[in-house]
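whatever this is, show me its structure:
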Amino acid sequence: MQRARLGASSTGHDEIKDGMVDGSFHSPEWHAARLVSLETSHTVTWEEFKRKQKENGMRKGESEANKDKMMREYRA
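This is a model prediction of the structure:
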């Protein structure tokens, strides 16, 4: 955590033996919530990513085939 050196005037922060106080910008509640949010993974694995890429490629191929079919029908 960040610490800020204070002079003789203490603002009620917890003093530490080295004369520094906790001067972090965020509250302890924020830090606790941040740690909890970091534990929940929202990233995808490589296998999931490749599977999704394959599915998207198949969809794109299907839409291209549909476009080609529609153009052939339109011209006929």
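
so where's the chain uncertain?
Residue ranges of the chain with pLDDT under 70: 1-16, 19-23.

remind me what the helix of greatest length in it packs against, helices and strands.
Criterion DSSP state H: the longest helix present in the chain is helix 46-75. Of the remaining helices and strands, none touches helix 46-75 by 3 or more Cβ pairs under 8 Å, 6 or more residues apart in numbering; DSSP states H and E. For glycine as for every other residue, the C-beta is placed from the backbone atoms N, C-alpha and C.

helix, strand or coil: sort out the residue positioned nearest the centre of the chain for me.
Geometric centre of the chain, nearest residue: His42, 6.7 Å, by Cα atoms, centre = their mean. Per DSSP: H, G, I helix; E, B strand; the rest coil, the local secondary structure of His42 is coil.

tell me the spacing between it and Ser27.
Distance from His42 to Ser27, counting by Cβ to Cβ, to the nearest Å: 24 Å.

equivalent analysis for Met70, please.
Distance of Met70 to Ser27, computed by Cβ to Cβ: 59 Å.

so what are the structural domains in the chain, by residue number?
For the chain, automatic domain parsing gives the domain ranges 1-42, 43-76.

hang on, the earlier thing: distance of the residue nearest to the centre of the chain from Glu48?
Noted for His42: a distance of 12 Å to Glu48, by Cβ to Cβ.

quick one: end-to-end distance for stretch 32-46.
End-to-end distance for stretch 32-46, by Cα to Cα, to the nearest Å: 29 Å.

how far is it from where the chain is centred?
8 Å (Cα atoms, centre = their mean, to the nearest Å).

what is the burial count for Ser24?
13 (other Cβ atoms under 10 Å).

what of the one 3 residues further on?
By the measure other Cβ under 10 Å, the count of residues near Ser27 is 9.
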